[in-house]
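Undergrad: Build the 3D model from these lines:
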Amino acid sequence: MEHTYKKLDLALSVLRTKLIEMGNLVIGQIERALACLSEHDIPGIRLVIEQDINVNRMDIELEEMCLEFMALHQPVAGDLRFIASVMKITTELERIGDRVVDVCGAVHSRDDGDSTDSHSEISQMAALAIAMVHDSMAAFSEADTSLAKAVFNKDREFDALHSGVFSRLMSSAKGSENAAHATALAFLSKDLNEISEHATNIAEVVMFMVDGKEITHMDLHERRTMR
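TA: So this is what the prediction gives:
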């Protein structure tokens, strides 16, 4: 029986390590894409896009590992929540990878006379989006609900920033000489917003994994008052 428990713990540990590895890969992809965007680095962006295949590969591998684990070990209670959470988080990370590829498209639309870094609010949004993904994966790695709740707080800050930025950029795109550039930045802000939403989803999954609380349909106030 002890041997069986050791095999179970090892399998769970491998899954945990693999998911953390996928999270680190995705975070690195976001950081590289935004750096290339700032520097108008076309070759660098091509490399980021090519590396997305690794994110997709890890998504498939983790799903197969989870299905195999369930077939072999028939987990219950906390272990079952863990496996379900890993499967949900891999999906969120894969979708973040897709959004990173969309961010890469903004490099080709960038105005050479106007750096993305000159838009301080876009830069703030990018930093917040990265921090939210990092914090949500740290929450998973440490099974720490306080880190998950920190993501919810950042999400509130992000939403307020995005709302103002997106509306102003879309307004400036109308009848403007820089309409194409303003539109590209507006869609960049939308891609960053979607990344932040996926990070929030991961934090929600962590809350479920640790406490068994399903909070997907809670509003922000309910999340902030959770104990």
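Undergrad: Going along the chain, name the helices of this protein.
TA: With helices called from DSSP state H, the chain shows them at 2-39, 42-73, 77-109, 120-142, 145-173, 179-211, 220-224.
Undergrad: Now tell me which of those the model trusts least on average.
TA: Lowest mean pLDDT of the helices of the chain: helix 220-224, a mean of 52.
Undergrad: List the neighbours of stretch 93-109 that are in contact with it.
TA: With CB atoms under 8 Å, 6 or more residues apart in numbering as the test, stretch 93-109 has contacts from 22-23, 26, 29-30, 33-34, 36-37, 40-42, 45, 48-49, 52, 55-56, 59, 116, 133, 180-181, 183-185, 187-188, 191-192, 194-195, 198-199, 202. All C-beta spots, glycine's among them, are computed from the backbone N, C-alpha and C.
Undergrad: and residue 164, what does it touch?
TA: residue 121 are the contacts of residue 164 under CB under 8 Å, 6+ apart.
Undergrad: Could you do residue 127 as well?
TA: Not one residue lies near residue 127 by CB under 8 Å, 6+ apart.
Undergrad: Check the gap between it and residue 67 for me.
TA: To residue 67, residue 127 is 37 Å away according to CB to CB, to the nearest Å.
Undergrad: for residue 125, same thing?
TA: 36 Å.
Undergrad: try residue 151
TA: Taken as CB to CB, the span from residue 151 to residue 67 is 28 Å.
Undergrad: So those two - more neighbours on which side?
TA: residue 151 (28 against 12; other CB atoms under 10 Å).
Undergrad: Just the buried residues from the contacts of stretch 93-109, in PyMOL please.
TA: Of these, the buried ones can be selected in PyMOL as follows, counting by 16 or more other CB atoms under 10 Å:
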select buried, resi 22+23+26+29+30+33+34+36+37+41+45+48+52+55+59+116+133+181+183+184+185+187+188+191+192+194+195+198+199+202
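Undergrad: burial of the residue lying closest to residue 141 once chain neighbours are set aside, as a residue count?
TA: Leaving aside its chain neighbours, residue 141 sits nearest to residue 20 (5.4 Å; criterion: CB to CB, 6 or more residues apart in numbering). Using other CB under 10 Å, residue 20 is surrounded by 14 other residues.
Undergrad: list the contacts for residue 20?
TA: Neighbours of residue 20 in contact, by CB under 8 Å, 6+ apart: 137, 140, 141.
Undergrad: Just give the closest residue to the first one, not the sequence neighbours.
TA: Spatial nearest neighbour of residue 137, chain neighbours left out: residue 23 (3.8 Å); criterion: CB to CB, 6+ apart.
Undergrad: do you know how far that neighbour is from residue 184?
TA: Computed with CB to CB, the distance linking residue 23 and residue 184 is 28 Å.
Undergrad: isn't residue 202 right next to residue 90, touching?
TA: No - Residue 202 is not in contact with residue 90 according to CB atoms under 8 Å; the separation is 10.0 Å.
Undergrad: on that earlier part again, which one of the helices of the chain has the most crowded surroundings?
TA: By mean neighbour count, with neighbours taken as mean count of other CB atoms under 10 Å, helix 179-211 ranks first of those at a mean of 22.
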